[in-house]
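Participant: Give me a model of this one.
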Amino acid sequence: MRAVVTGGAGFLGSHLCDRLLAEGWEVLALDNFITGEKTNLSHLKKTKKFQFQKADVSKPLKVAGKVGYVLHFASPASPPDYLKHPIATMMVGSAGTKNALDLALAKKAKFLLASTSECYGDPEVSPQPEEYWGHVNPIGPRGVYDEAKRFSEAMTMAYHRYHKVDTHIVRIFNTYGPRMRLNDGRALPNFVYQALSGKPLTIYGDGKQTRSFCYVADLIEGIYRLMMSKEHLPTNIGNPQEMTILDFAERIRKNFANPPQIVFEPLPEDDPKRRCPDITKAKRILNWEPKVGLDEGLELTLKYFKEVYKKK
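Facilitator: Next comes the predicted model:
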């Protein structure tokens, strides 16, 4: 049992490596550190079943030995990251996905694609079920990420139908937890970094847009169940507890002795007004649903962020 994890030094990729190793897999992590962090894997340096290889998955992959599973998690994932690296984001979703699928095909391995709730764009349906095709602006600034992931899903299904590769697709909704970068740019690390720095919390728009936040351990559990299943079509994994960004900011403020003020900035172009997963399918086929409440998850995450901030 040997797995290759692209984007293995990323927030989710590193947690996935931990889970696979805990399940007895040998793991080869690939990353080029555009957004991944070496520190996310430093605890695995002396782990016998773990290997790391610096690689750009947008170029053909060379992996020696047997491989039982390829898990494609490489990609910038936060708006500041994919707006900073728009072409690299499209390449890792297109050429990178094909290269990862070619590796799975050559090794007769199973394949799992880390897709995203961004495939639904600015949805006209909420909560979003897997059957919903989405409402995406393909030429807007967010299109470099949204369309890269939509293309990667299409490519994955093409390899499944044409080459008979045993593929799986997870649509990941907002996730948080230790190993997120403080400068990630997404709501949670942004709020925490501002609070720790003594700055006001920045809310874009009126703050009435909604998100749902899933703790990383719950997400990884859902992903592991999906990769071991027989389901080939996309499956939502996320927390269906929907809240406004303004309410979320208030939850963050309560964790600080001197609660920071809130300031409002213009809403970025094509920013989704609602984001909430319909997890009926995950409950039915995987017997999965999130178990970590927001207060518990925030306590664990804030503890991590405070330790990281002290070292800066």
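
Participant: Quick check: the gap between Thr301 and Pro178.
Facilitator: Thr301 sits 6 Å away from Pro178, taking CB to CB, to the nearest Å as the criterion. To be clear about C-beta, it is placed using only N, CA and C from the backbone, and glycine gets the same treatment.

Participant: meant to ask about Gly293
Facilitator: In terms of CB to CB, Gly293 sits 16 Å off from Pro178.

Participant: Looking at these two, which is more packed in?
Facilitator: A direct count of neighbours by other CB atoms under 10 Å for Gly293 and Pro178 places Pro178 higher, at 19 against 12.

Participant: Name all residues that make contact with that one.
Facilitator: Contacts here follow CB atoms under 8 Å, 6 or more residues apart in numbering; on that basis Pro178 touches Val216, Leu300, Thr301, Tyr304.

Participant: can you give me the strands in the stretch 151-300 of the chain?
Facilitator: Assigned by DSSP state E, counting those that start in this stretch, the strands in the stretch 151-300 of the chain fall at 167-172, 175-176, 201-204, 210-212, 214-215, 235-237, 242-244, 262-265.

Participant: same question for the third one, mean pLDDT?
Facilitator: What that stands for is strand 201-204. In this model, strand 201-204 carries a mean pLDDT of 94.

Participant: With neighbour count added, can I get the contacts of Pro178 in CSV?
Facilitator: CSV is the format used below for the contacts of Pro178 (neighbours: other CB atoms under 10 Å):
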residue, neighbour count
Val216, 22
Leu300, 16
Thr301, 22
Tyr304, 15
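
Participant: which SSE is the closest residue to Pro138 other than its chain neighbours in?
Facilitator: Among residues not flanking Pro138 along the chain, Glu147 sits closest, at 5.2 Å (CB to CB, 6 or more residues apart in numbering). Using DSSP states H and E, Glu147 maps to helix 143-163.

Participant: where does the protein have low pLDDT?
Facilitator: Low-confidence segments of the chain (pLDDT under 70): none present.

Participant: Domain map for it?
Facilitator: Domain assignment for the chain by automatic domain parsing gives 2-176+214-237, 187-210+242-275+292-311.

Participant: contacting residues around Gly185?
Facilitator: Taking CB under 8 Å, 6+ apart as the contact definition, Gly185 lies against Ser78, Pro79, Pro80, Asp81.

Participant: Of the domains of the chain, flag the one that's most buried.
Facilitator: domain 2-176+214-237 (a mean of 20; mean count of other CB atoms under 10 Å).

Participant: what angle separates the helix holding Glu147 from strand 167-172?
Facilitator: Here helix 143-163 runs at 160 degrees with respect to strand 167-172, directions being taken by axes from the mean of the first three to the mean of the last three CA atoms, to 10 degrees.

Participant: who touches helix 143-163?
Facilitator: By CB under 8 Å, 6+ apart, the residues outside helix 143-163 that reach it are 72, 75-77, 79, 82-83, 86-87, 89-90, 92-94, 97-98, 101, 104-105, 111, 113, 115-116, 118-119, 121, 134, 136-138, 165-167, 169, 232-234, 270.

Participant: what do you get for stretch 14-31?
Facilitator: Applying CB under 8 Å, 6+ apart, the contact partners of stretch 14-31 are 1-10, 13, 36, 40-41, 44, 47, 49-55, 57, 61, 63, 67-69, 71, 73-74, 177, 179, 216-217, 220-221, 223-224.

Participant: Alpha carbons only: can I get the helix holding Glu147 in PDB?
Facilitator: The C-alpha coordinates for helix 143-163 follow below in PDB (Å, rounded to 0.1, in the frame of the first residue of the first chain):
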ATOM      1  CA  GLY A 143     -12.300  31.800 -13.000                       C
ATOM      2  CA  VAL A 144      -8.600  30.700 -12.900                       C
ATOM      3  CA  TYR A 145      -9.400  28.500  -9.900                       C
ATOM      4  CA  ASP A 146     -13.100  27.700 -10.600                       C
ATOM      5  CA  GLU A 147     -12.500  26.600 -14.200                       C
ATOM      6  CA  ALA A 148      -9.300  24.700 -13.400                       C
ATOM      7  CA  LYS A 149     -11.200  22.600 -10.900                       C
ATOM      8  CA  ARG A 150     -14.200  22.100 -13.200                       C
ATOM      9  CA  PHE A 151     -11.800  21.000 -16.000                       C
ATOM     10  CA  SER A 152     -10.000  18.700 -13.600                       C
ATOM     11  CA  GLU A 153     -13.300  17.000 -12.700                       C
ATOM     12  CA  ALA A 154     -14.100  16.500 -16.400                       C
ATOM     13  CA  MET A 155     -10.600  15.100 -17.100                       C
ATOM     14  CA  THR A 156     -10.900  12.700 -14.100                       C
ATOM     15  CA  MET A 157     -14.300  11.400 -15.400                       C
ATOM     16  CA  ALA A 158     -12.800  11.000 -18.900                       C
ATOM     17  CA  TYR A 159     -10.000   8.800 -17.600                       C
ATOM     18  CA  HIS A 160     -12.500   6.800 -15.600                       C
ATOM     19  CA  ARG A 161     -14.800   6.300 -18.600                       C
ATOM     20  CA  TYR A 162     -12.200   5.900 -21.300                       C
ATOM     21  CA  HIS A 163      -9.200   4.300 -19.500                       C
END
